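J.: My questions concern the predicted model and sequence given below.
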Amino acid sequence: MSAERPPVRRRIGVMGGTFDPIHNGHLVAASEVAHRFSLHEVIFVPTGRPWQKVGETDETDGSHAAKHVSPAEDRYLMTVIATASNPRFSVSRVDIDREGDTYTVDTLRDLHAILPDAQLFFITGADALESILSWQNWEELFDLANFVGVSRPGYELSASHLSQHLEKLPPETLQMLEIPALAISSTECRERAAQGRPVWYLVPDGVVQYIAKRRLYRPLRNNSSRVSAP
Ligand SMILES: Nc1ncnc2c1ncn2[C@@H]1O[C@H](COP(=O)(O)OP(=O)(O)OP(=O)(O)O)[C@@H](O)[C@H]1O
Ligand SMILES: O=C(O)c1ccc[n+]([C@@H]2O[C@H](COP(=O)([O-])O)[C@@H](O)[C@H]2O)c1
């Protein structure tokens, strides 16, 4: 009788972001991590309410004013369009379908519930990694997933702020990866679109067309997407 092999855990990347809009920097990061870490799949997870981006807390009810962030459905659809051509990329609605502020600890718990046998690799750029100590229940995150910090032009890729916590954990808990440098940000894409400057080749072609069709990022007086459609 042959010994039974333990089941192979699927290695799944998780690329979380506000994706307002998704750009080629996000796609290169996911593709490079998938290759270097032999991932079966990368799931892109657009945030629902990215609490560190949506503005001030209302002292009366604790809610955040939704400033500067496009509707979740627009960000979700742009992410679907951008990833559609890659068979190893998919998009999850877990964060946009959950009520309230978006916390990665909930993202990872939800994905574990959906994919109980998966080993998760959360992908994060150097800037996001820098601020991870401000995330909700940050100490729990490393029990739920391995983290991959990727380089980003203009930011230092460092884990020195986490060293005390990580020294108790296995070395694969947080790994760093240099990726091809793309100095692109969603902020710059929004500014360009607002000024009528091109975003071609900074974002995938379908996303250029979606931004134009929905008139995203245009100054308010021209922005028909902010009023009820006829
Ligand atoms: N050019 C890039 N290279 C590497 N990582 C990136 C790049 N752009 C974004 N990321 C990473 O992708 C994740 C999601 O980023 P996000 O959606 O906030 O985009 P952004 O360009 O940083 O947006 P914004 O300019 O609105 O702050 C974060 O972990 C971020 O660090
Ligand atoms: O969990 C948190 O408190 C938290 C705070 C800030 C950012 N994050 C996550 O970090 C990822 C990148 O976020 P952002 O805001 O830079 O687009 C995304 O998956 C967010 O949900 C998570």
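T.: Perfect, I can see it now. Ligands and ions are numbered 1, 2, ... in the order given.

J.: for ligand 2, what are the nearby residues on this structure?
T.: Taking Cβ under 6 Å from any ligand atom as the criterion, the neighbours of ligand 2 within the chain are 16-18, 47, 50, 52-53, 102-105, 128, 135-136. Where C-beta positions appear, they are placed from N, C-alpha and C, glycine not excepted.

J.: near ligand 1 too, which of the residues you listed?
T.: Restricting these to those near ligand 1 - Cβ under 6 Å from any ligand atom - leaves 17-18, 128.

J.: what's the closest of those residues to ligand 1?
T.: Of all these, residue 17 has the smallest distance to ligand 1: 2.7 Å, by Cβ to the nearest ligand atom.

J.: Tell me how many other residues surround the closest one.
T.: 24 (other Cβ atoms under 10 Å).

J.: Next up, the contacts around the nearest residue to it once chain neighbours are set aside.
T.: What sits nearest to residue 17 in space, not counting adjacent residues and going by Cβ to Cβ, 6 or more residues apart in numbering, is residue 26, at 6.0 Å. By Cβ atoms under 8 Å, 6 or more residues apart in numbering, the residues touching residue 26 are 15, 17, 19, 44, 82.

J.: Just list the residues touching the third one, thanks.
T.: Contact analysis of residue 19 by Cβ under 8 Å, 6+ apart lists 26, 44, 46-47, 75, 78-79, 186.

J.: Let's see the pLDDT reported for it.
T.: Among the per-residue scores, residue 19 holds a pLDDT of 98.

J.: just to revisit the earlier point, so the residue nearest to residue 17 is in which element?
T.: Assigning secondary structure by DSSP states H and E places residue 26 in helix 24-36.

J.: Would you point out which residue of this structure is nearest ligand 2?
T.: For the chain, the residue closest to ligand 2 is residue 16, as judged by Cβ to the nearest ligand atom, at 2.0 Å.

J.: and that residue, that's in a strand?
T.: Yes. With DSSP: H, G, I helix; E, B strand; the rest coil as the criterion, residue 16 is located in a strand.

J.: surely residue 21 meets residue 191?
T.: No. Residue 21 is not in contact with residue 191 according to Cβ atoms under 8 Å; the separation is 11.9 Å.

J.: neighbour-wise, which of those two wins?
T.: A count of neighbours by other Cβ under 10 Å puts residue 21 above the other of residue 21 and residue 191, at 27 against 13.

J.: And the helices in this structure?
T.: With DSSP state H as the criterion, the chain has helices at 24-36, 72-83, 94-97, 104-114, 126-130, 138-144, 163-166, 186-194, 205-214.

J.: Could you tell me the least trusted of those?
T.: helix 163-166 (a mean of 92).

J.: Right, I'll call it a day here.
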